[in-house]
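**Q** generate coordinates for the sequence data below:
(chains A and B)
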Amino acid sequence: MSAAVASPLPHGEGLAARRALRDARIRGATFLALGVASFYFASSSFQTPAIFGFRIYTTGRETFEVATSVGLLWMIAGLAAALVGALQLWRGATFRWRPWLLVLLAPYVTVILGALLNGTTANLTRVLSGSFELATPLTLGALAGILSERSGMFNIALEGKMLIGACVSVVVGSVVLGATGNMFAATVAGVSAAMIAGGLLGLLLAWLGIRHRVDQIIAGTVINIGAVGITNFLFLRVLGSSPELNTPPNVSAMQLPFLSEIPVLGPLLFSLRPYVYLSIILVLVLTYLIYRTRWGLRLRASGEKPAAAGTVGINVLQIRYRALLFAGLICGLAGSYLPLATAGSFQMQMTAGKGFIALAAMIFGAWHPIGAFAAALVFGFADSAQALLSILGAQVPPQLLNSVPYVVTIVVVAGVVGRVRGPASAGQPYEQG
Amino acid sequence: MRLELREITKRFPGVLANDRISISVDKGQVLGLLGENGAGKTTLMNILSGLYKPDSGEILVDDQPRVFSDPHAAIAAGVGMVHQHFMLVPVFDVVEAVALGAETVRGPLHTFDRAAARRRIVELSERYKLNVNPDLKIETLPVGVRQRVEILKALYRQSDILVLDEPSAVLTPSETEELFGIIRSLAASGTTVIFITHKLNEVIEVADKIVVLRRGRVAGTADPKTATRQELANLMVGRDVELIVPKGPAKPGDVVLNIKDLVVRDDRLELAVKSVDLDVRAGEILAIAGVQGNGQTELVEAITGLRTIDSGEITIGGRHVEKATPRQVSDLGVAHIPEDRGRDGLIAFMSVAENYILDTYHRQPYSRRGVFDLKAVDERATQGVRDFDIRTPSIRTLVTALSGGNQQKVVVAREFSVPVQLVIAAQPTRGLDVGSIEYIHRRIVEQRDAGAAIVIVSTELDEVLAVGDRIAVMFDGRIVGILSGDDATLENLGLLMGGAKFGEGTAA
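**A** This next block holds a predicted model:
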């Protein structure tokens, strides 16, 4: 009989810990280098003014201006980066750096904006309120994605459903507007029709994925491609020859009583289109429903471990069908925003990848409605700043500027998000006994 | 409550899963339902939980006929199920996981009343001494606690009949003891318990009444006070089986496998094997006991060349194999029966013959200059099927169509088809029925007597005690003790497996 004597570990700490420490050092050095580079930029740009204007009242042209210099902004950004770098080096692998990255985002975005403007005065009210507007279809799309994936179904058909929603809202809205002349009725009819179309497509996706167990990515792709084909055909063959079908009602900004009269904040936050308010309300309502109610508990169980829900008598498939129906309704709403609120008419492939950016916002926001809203705002801001820069004629090729929102998407999803965990069973068919 | 099943029959395409099964169990009684894989236990349980509908027959609760059309109906009738694979949402906390499907709600939006659910869970946990913290996430809990959460789930639904499916499969011996304590106290407070298992010791220990199923029928009933393991095994299999394969004393020869100060990491780069030293000699069986996940998998993978090692030495027959590829190890005459035969042992959608030559296909007589000699393949495979009594329609049948026992025989036949000096068998009888276990053990002992060195890794203490000439216990990446087969008992092995230091409570 013998017993092996337990010897102390020959290798000290784990390999994983050593790698984490090395990564932390590289990260800290990178932040420091960013700070040093910022000081270098600062030294050559103290003479360049950076003037940001804010509108004081919703009506009228008075503005409140903040004037500083690009060099000073570089200094602030550089100090912030150096601080984060120092913290990272000091605290090592345990340092939670991702939130700090977001903190760094604000000064750097400001300074880059200032540098690109090169002395021109910029109206930030326009940029910031534009961020909310441009974020709205992304927020709605992301909410639809969250509903689907929390129930356990992949939904990459957001894009196609939004495109169909856009087209349907235009046609129905135009017809009702032509017949009644009533803007409000036409809007309601157009938006409702878009939601119904989206809902039906959601049910189609559910039916393909659940009943026929078609791979959910493939089913979604089919819907996306089909939506492009159908709407292109309609646009070229029908809307082209009957322009009266492509003159939809217009949803304009709504000034909230009292709130819109607050100086600076009023024009920025409280004179936006009803879509924006609606999407924010939906974000809050869905957050409550998903995390606080019986329905939400069962929804999440279906997406995480459907067998656990099924064995206690929950009808998982019904939950998934319903989730996709609601997701489709929201997608249709998001789609109707594009022609009714911004473009004024339907155009070919006018969603231009917004459904996929919405999916990115869903992931960036860790499948949580509020997180997804914040992510959509980041993308909306990128889009809005891009619009401002191209109007003011910054010395950057327009193609490059147009790509900014997409580049931000890639950077955010690859870099900032890191590892977030989605619903464990999303995309897997569930067999109900 | 009293539960009675009358003449339950359930047919699947081509299989009669339950054939007129009649069982009854009284209030406060523990029924042990014993049977091999495929005996119809799982089907019967799914009928009881409302997942399947029987083709004919009746279920009576307190002598009232009930129809379990869906899981709701079964739960409403008071039947609570503890599944073998836990049905708990990993990211939920205990309160959410337990209340799911039976939530207390308030308000127009059906807001989940978490506080009320939590109060009940705390109260039940205290009353039945389950000792569960309601605020922890399921994924952070050890399996023993998860099982108690499953029991809580049933109690939360006011189940009077608790059905436990293979509850001890994932537990350590001490956790199993704890579970039995809970079962006894539940029964004492009036809960009826149905305990499904294929482990003979367990039914004898905890049941008040034993029913044995075989091939979808009730093969017999037994009284745990008088029944022996041998009788129960014979009933289960339908013939006389040898629970412990007879073997003579080991005649250890030269050291074949020598491991010095071996350190290996797992997939997450954490240390899994922390300094292991082992010698295994020709003509002896070294059994490595331990609870799943204590480094056994990584140890086996390191020996067979499937995993790179961190440091240390491994020699087989005097040759260093620290950096050898799996084929180089295999060519030294090492037979490897992998832990997960479905993943590492067989290719499910290839035929028996193809699987039979998986590690020798590139050599004579199967291959000549890169081209198969199909005749030789067929001849040898047919020979293997005959020698190892593999029940298959033909050698062209896909292995996925065979039963688990026959699949494992294909693996063993292949590994023993060439001369071996070392056998590494990881969980060689996992999921197999008593008859197949007997067969596999017999073959392994034959290899020992022919002069091979054998390493068997197993989490089943019965197996370790039955075949091991020496028994090493692995805990937390180390060998915490090596006992000779004669000194080992369930008790001292159990203590070592749970992490007790060698010498504490074990016979020194």
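
**Q** can you show me the strands along chain A?
**A** In chain A, the strands defined using DSSP state E lie at A:49-55, A:63-69, A:122-123, A:254-255, A:271-272.

**Q** need the contact partners of the first one.
**A** The set of residues external to strand A:49-55 that reach it, using CB atoms under 8 Å, 6 or more residues apart in numbering or on different chains, is A:61-70, A:72-73, A:111, A:114, A:117, A:119-125, A:264, A:267-268. Glycine gets a C-beta too; all of them are placed from N, C-alpha and C.

**Q** again, but for the third one
**A** Counting by CB under 8 Å, 6+ apart, strand A:122-123 makes contact with A:Ile51, A:Phe52, A:Gly53, A:Phe54, A:Arg55, A:Thr63, A:Leu113, A:Leu388, A:Leu392, all of which sit outside it.

**Q** quick one: B:Leu243 and B:Glu463 touch, right?
**A** No. Here B:Leu243 does not reach B:Glu463: they are 10.5 Å apart, not a contact under CB atoms under 8 Å.

**Q** the more surrounded of these two?
**A** B:Glu463 (22 against 17; other CB atoms under 10 Å in any protein chain shown).

**Q** just the element for the more buried one, please.
**A** helix B:461-467 (DSSP states H and E).

**Q** same deal with B:Thr9?
**A** Per DSSP H and E: B:Thr9 is located in strand B:3-12.

**Q** that strand pairs with which strands, parallel or anti?
**A** Its sheet considered, strand B:3-12 pairs with strand B:15-25 (antiparallel), strand B:56-61 (antiparallel) by DSSP bridges.

**Q** next structured bit after the longest one?
**A** The one in question is strand B:15-25. Criterion used, DSSP H and E; the element after strand B:15-25 is strand B:30-35.

**Q** residues of the stretch 251-400 of chain B that sit close to chain A?
**A** B:261, B:263, B:265, B:268-271, B:274-277, B:310-311 (CB under 8 Å from any CB of the partner chain).

**Q** so which elements touch the next helix or strand after the helix holding B:Glu463?
**A** Downstream of helix B:461-467, the next assigned helix or strand under DSSP H and E is strand B:470-475. Contacts defined by 3 or more CB pairs under 8 Å, 6 or more residues apart in numbering or on different chains; DSSP states H and E place strand B:470-475 against strand B:285-289, strand B:478-484, helix B:490-497.

**Q** what's the distance between the nearest residue to A:Phe95 once chain neighbours are set aside and B:Thr397?
**A** By the measure of CB to CB, 6 or more residues apart in numbering or on different chains, the closest residue to A:Phe95 outside its immediate chain neighbours is A:Gln88, 5.2 Å from it. With the distance defined as CB to CB, to the nearest Å, A:Gln88 ends up 60 Å from B:Thr397.

**Q** do the same with A:Leu297
**A** On the measure of CB to CB, A:Leu297 and B:Thr397 end up 46 Å apart.

**Q** would you mind telling me which of the two has more residues around it?
**A** Neighbours were counted for A:Leu297 and for B:Thr397 using other CB under 10 Å; A:Leu297 has more, 26 against 16.

**Q** contact partners for that one?
**A** Neighbouring residues of A:Leu297 by CB under 8 Å, 6+ apart: B:Glu96, B:Ala99, B:Leu100, B:Glu103, B:Phe112.

**Q** tell me which of those residues fall in helices.
**A** Among these, the ones falling in helices (DSSP state H) are B:Glu96, B:Ala99.

**Q** and the contacts of A:Leu297 near chain A, which?
**A** The overlap between the contacts of A:Leu297 and the neighbours of chain A (CB under 8 Å from any CB) comes to B:Glu96, B:Ala99, B:Leu100, B:Glu103, B:Phe112.

**Q** and which of those is nearest A:Leu143?
**A** Nearest to A:Leu143 among those is B:Phe112, at 20.6 Å by CB to CB.

**Q** quick check: bridge partners of the closest one?
**A** Per DSSP bridges, the residues bridged to B:Phe112 are B:Val105.

**Q** hang on, it packs against B:Ala99?
**A** Yes. Taking contacts as CB under 8 Å, B:Phe112 lies within contact range of B:Ala99: 7.3 Å.

**Q** contacts for stretch A:191-198, please.
**A** Taking CB under 8 Å, 6+ apart as the rule, stretch A:191-198 contacts A:161-162, A:164-166, A:168-169, A:171-173, A:328-333, A:335-336, A:340.

**Q** give me that answer again for 10 Å
**A** Stretch A:191-198 has contacts (CB atoms under 10 Å, 6 or more residues apart in numbering or on different chains) with A:144, A:157-158, A:160-162, A:164-173, A:175-176, A:227, A:249, A:251, A:275, A:278, A:325-337, A:339-340.

**Q** please name the nearest non-neighbouring residue to whichever residue of chain A sits closest to chain B.
**A** With CB to the nearest CB as the measure, A:Val312 is the residue of chain A nearest to chain B, at 3.1 Å. In space, and not counting its chain neighbours, A:Val312 is closest to B:Gly101: 3.1 Å by CB to CB, 6+ apart.
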